[in-house]
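A.B. asks: this one's sequence-less:
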């Protein structure tokens, strides 16, 4: 009788372990990975007309991949100390995922599958860099404000100035450089050479709570003479 009870206990323990492993596997499969969404999107859309076009296309691809998610665009949410506005919020039984999406371009004109694309040159890369890290800081605030929260800051561009290192030491924007391989943490601020015009509306330092290494990945390559290479950053915000 004692042996039977021991065997029953062992069988029960094995069954509990299997159930836990299956539950974890289902949970992992149900977690949406933005990198996979971007890679799937790249097969359908090599280029976008605007940042809004990129955001809507990303949201639709996310819906296709995870129809169980409740997706909202341009939504205010509560963070630790104040409300913040997000480009995209996806909610499911497994939690909430916030995503900020940036799309910065150099001038490019092309046609794909009968659709014309005339991209403008945004320039002002120093402001684009600042805004990306501002996004990351806000996403961190969201991810750390409660349980079952994740956040991502995504940046897509055909402007190589973003993924290349500064050409010289002492640039006013050096604190916000986004070049390949750079490690980010702590307070980011403008250098002394940053003009008042550059700082206007963006004077505050940006605090990055986590530690990140920037890794640019290929998105698409268009058959044009200049600026046909698109790359993207996808940074997952550190949780609390």
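C.D. replies: Happy to help now that I have it. Keep in mind that this is a model prediction, so the values were computed, not measured.
A.B. asks: Going by C-alpha atoms from here, please, whenever you check contacts or count neighbours.
C.D. replies: Fine.
A.B. asks: I'd like to know how far residue 233 sits from residue 35.
C.D. replies: Distance of residue 233 to residue 35, computed by CA to CA, to the nearest Å: 9 Å.
A.B. asks: In three-state terms, label residue 57 for me.
C.D. replies: When classified by DSSP: H, G, I helix; E, B strand; the rest coil, residue 57 comes out as helix.
A.B. asks: can you list the weak-confidence ranges in this protein?
C.D. replies: Within the chain, the segments meeting pLDDT under 70 span 1-31, 80-81, 168-170, 240.
A.B. asks: Now for the closest residue to residue 136 other than its chain neighbours: which residues touch it?
C.D. replies: Nearest-residue entry for residue 136: residue 153, 5.5 Å, with adjacent residues in sequence omitted and distances by CA to CA, 6 or more residues apart in numbering. Contact analysis of residue 153 by CA atoms under 8 Å, 6 or more residues apart in numbering lists 99-101, 132, 135-136, 139, 233-237.
A.B. asks: Now intersect these with the strands, please.
C.D. replies: If you go by DSSP state E, these have 99-101, 233-236 in strands.
A.B. asks: from those, which is closest to residue 47?
C.D. replies: Checking the ones in strands among the contacts of residue 153 against residue 47 with CA to CA, the nearest one is residue 101 at 14.4 Å.
A.B. asks: And residue 233 and residue 35? Which one has more around it.
C.D. replies: Neighbours were counted for residue 233 and for residue 35 using other CA atoms under 10 Å; residue 233 has more, 23 against 16.
A.B. asks: Which neighbours in the sheet does the helix or strand residue 86 falls within have, and how are they oriented?
C.D. replies: Using DSSP states H and E, residue 86 sits in strand 83-92. Its sheet considered, strand 83-92 pairs with strand 70-78 (antiparallel), strand 95-104 (antiparallel) by DSSP bridges.
A.B. asks: Let's have these in JSON lines, adding distance to residue 122 and mean neighbour count.
C.D. replies: JSON lines is the format used below for the strands paired with strand 83-92 (distance: least, CA to CA, whole Å; neighbours: other CA atoms under 10 Å):
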{"stretch": "strand 70-78", "distance to residue 122": "22", "mean neighbour count": "14"}
{"stretch": "strand 95-104", "distance to residue 122": "6", "mean neighbour count": "21"}
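A.B. asks: got the ones you listed as CSV, with distance to residue 123 columns?
C.D. replies: As requested, the strands paired with strand 83-92 are exported to CSV (distance: least, CA to CA, whole Å):
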stretch, distance to residue 123
strand 70-78, 25
strand 95-104, 8
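A.B. asks: Among those, which comes closest to residue 48?
C.D. replies: Comparing the strands paired with strand 83-92 by CA to CA, strand 95-104 comes nearest, at 8.6 Å.
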